[in-house]
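# Mind folding the following:
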Amino acid sequence: MTDIFSGALFIQVSLGWNLYLSTVILLAVTAVYTIAGGLTAVMYTDVLQTVIMVLGASVLAFIVGWFEGLKEKYSTVVPSVIVPNTTCHLPRTDAFHMLRDPVTGDIPWPGLIFGLSVLATWCWCTDQVIVQRSLSAKNLSHAKGGSVLAGYLKMLSMFFIVMPGMISRALYPDEVGCVDPKVCETVCGAKVGCSNIAYPKLVMGLMPVGLRGLMIAVMMAALMSSLTSIFNSSSTLFAIDIWQRLRKKATEQELMIVGRVFVLILIVISILWIPIIQMSNSGQLFDYIQSITSFLAPPITALFILAIFCKRINEPGAFWGLMFGLVVGGIRMIMEFSYKVPSCGEEDPRPSVLKDVHYLYFALILCVLTGIAIILISLCTPPIPEEKLASLTWWTRHRKAPAIDLVSYKSESAEVNPSVGESDGDEPTPPCWKKLYFWFCGISSSPGPTLTEEEKAVLERKLTSIVEKPLSRTACNINAIILLAINVFLWGYFG
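Predicted structure coming up:
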């Protein structure tokens, strides 16, 4: 939803279109090639769009200048219209430090290091959008190499996004840095602040016409890349994990249709959610994203870590621990939406649990509480048999799972889905409109290749093997160490 809002906001600032019209157009274009192409189209377009994004952001970073000039100007520029008897218009004295005061800091350093690690573990290790790509890799080395490359690209956001945004605030203090609610509402439609328009404002104000068009294309590529990933992953989760449990005999065609319809439902919900995003967390998208994640992700992180490193965790502990964590996080999220964030100069009427407990601290607390609940419930219920833990935990990852009786498995599958194992030779040729529909949705109308039991076993071993070639493993490990060293240096420099 935040991706949709930010994309529509960029279109609104750059082209002057209505926010909701921009949203509908962005969603329409994205939905067409997500529905038509599926994961393959999403991944190929992601690669192309990443190259365009890096090139475009590099050009903008070169035009706006670098760190020393920014430090000098950022701290001295204030908006012309201020709110009397407040300090809202003054830049924070710790704006150029990542490690900020644990009590008064807008992002306190304990929350940044420990709380944000909880959210990062959820995002990079369990989020379907990320995991789906890792699981689609040819082998373990490809998955590790992709993760390392993503780490290198992630570091560029500091120089290509954060610093240009700060430069935009220094260049346009009356718009990007506005503090008076009336002025802010006139500029961007939100009383709580206009920092969300910093990047598009900089693009439209500084870049020449040709490069401006390139940057619009870059932003649209980035946003549509995120949206296609979310739509594709969400439809997969709903169709496989929810719909298929309700309808065990659902055909592939039915699952495909359900997934597409679910994408349309997500689009409608996203459009209706835009006003809430506009008025949340002082109008800052970053704070909104991280706060919502802090309410929902910590239980998943706790379960993921415990399930991998603790063999005693079982299904009842996992399920009821998740339910406990989601209820606690849901209560905090409802409270967050129930109380309006005060504008500059207004008294903060929110309860202490909202204004005094930072959302990153809450993420850490929620993760610990959920972990305790999972462990206690697991210890009070029977453990998982040792023979069923093969390949499921860190300690049993090299242990081979017991062989599956393919004959009985095939007969059981046929009972659940009668179409399994049936011959397609007598089926009539579908009409032209149905062929076109199958082609658009990526459904094959011809029967797949028939494999022997030995071929199936070989294919399964190949897809599940975690054995790496020495050269590939060494290259990935060396790059991971280099990436870690660069990150440590950057943390030390900007801390």
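# Can you find the helix or strand of this structure with the lowest average pLDDT?
helix 406-416 (a mean of 47; mean pLDDT, DSSP states H and E).
# any low-confidence regions in the stretch 201-350 of the chain?
Scanning the stretch 201-350 of the chain for pLDDT under 70 picks out the ranges 218-229, 232, 273-284.
# got the residue ranges for the helices in the stretch 101-250 of the chain?
109-110, 116-125, 128-135, 140-157, 163-171, 181-188, 198-206, 209-237, 244-246 (DSSP state H, counting those that start in this stretch).
# Correction: the previous question concerned the stretch 301-450 of the chain.
Under DSSP H, counting those that start in this stretch, the stretch 301-450 of the chain gives helices at 315-338, 352-355, 359-379, 406-416, 432-441.
# Could you save these as JSON lines and add columns showing mean neighbour count and distance to residue 87?
Heads up, the C-betas are built off the backbone N, CA and C, glycines and all. As requested, the helices of the stretch 301-450 of the chain are arranged in JSON lines below (neighbours: other CB atoms under 10 Å; distance: least, CB to CB, whole Å):
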{"stretch": "helix 315-338", "mean neighbour count": "16", "distance to residue 87": "24"}
{"stretch": "helix 352-355", "mean neighbour count": "12", "distance to residue 87": "17"}
{"stretch": "helix 359-379", "mean neighbour count": "20", "distance to residue 87": "22"}
{"stretch": "helix 406-416", "mean neighbour count": "11", "distance to residue 87": "65"}
{"stretch": "helix 432-441", "mean neighbour count": "13", "distance to residue 87": "56"}
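# Any chance of a markdown table for the ones you listed, columns distance to residue 480?
Shown next, in a markdown table, are the helices of the stretch 301-450 of the chain (distance: least, CB to CB, whole Å):
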| stretch | distance to residue 480 |
| --- | --- |
| helix 315-338 | 29 |
| helix 352-355 | 39 |
| helix 359-379 | 25 |
| helix 406-416 | 38 |
| helix 432-441 | 39 |
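# Give the other helices and strands that the helix or strand hosting residue 481 contacts.
For residue 481, the host element (DSSP states H and E) is helix 470-494. Here helix 470-494 touches helix 140-157, going by 3 or more CB pairs under 8 Å, 6 or more residues apart in numbering; DSSP states H and E.
# pLDDT (mean, whole number) over the helix it packs on?
In this model, helix 140-157 has a mean pLDDT of 88.
# helices and strands around it, which ones?
helix 19-64, helix 128-135, helix 470-494.
# Let me have the ones you listed in a markdown table, adding mean pLDDT as columns.
Shown next, in a markdown table, are the helices and strands packed on helix 140-157 (pLDDT from 0 to 100):
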| stretch | mean pLDDT |
| --- | --- |
| helix 19-64 | 69 |
| helix 128-135 | 80 |
| helix 470-494 | 90 |
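# Could you say which one of these comes nearest to residue 370?
helix 128-135 (19.5 Å; CB to CB).
# Tell me which of the helices of the stretch 101-250 of the chain lies nearest to residue 305.
Of the helices of the stretch 101-250 of the chain, nearest to residue 305 by CB to CB is helix 116-125, at 7.1 Å.
# rewinding a little: want to throw the helices of the stretch 101-250 of the chain into JSON lines with mean neighbour count and distance to residue 47?
Below are the helices of the stretch 101-250 of the chain laid out as JSON lines (neighbours: other CB under 10 Å; distance: least, CB to CB, whole Å):
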{"stretch": "helix 109-110", "mean neighbour count": "16", "distance to residue 47": "36"}
{"stretch": "helix 116-125", "mean neighbour count": "18", "distance to residue 47": "19"}
{"stretch": "helix 128-135", "mean neighbour count": "16", "distance to residue 47": "11"}
{"stretch": "helix 140-157", "mean neighbour count": "16", "distance to residue 47": "11"}
{"stretch": "helix 163-171", "mean neighbour count": "21", "distance to residue 47": "24"}
{"stretch": "helix 181-188", "mean neighbour count": "18", "distance to residue 47": "33"}
{"stretch": "helix 198-206", "mean neighbour count": "21", "distance to residue 47": "23"}
{"stretch": "helix 209-237", "mean neighbour count": "19", "distance to residue 47": "10"}
{"stretch": "helix 244-246", "mean neighbour count": "11", "distance to residue 47": "30"}
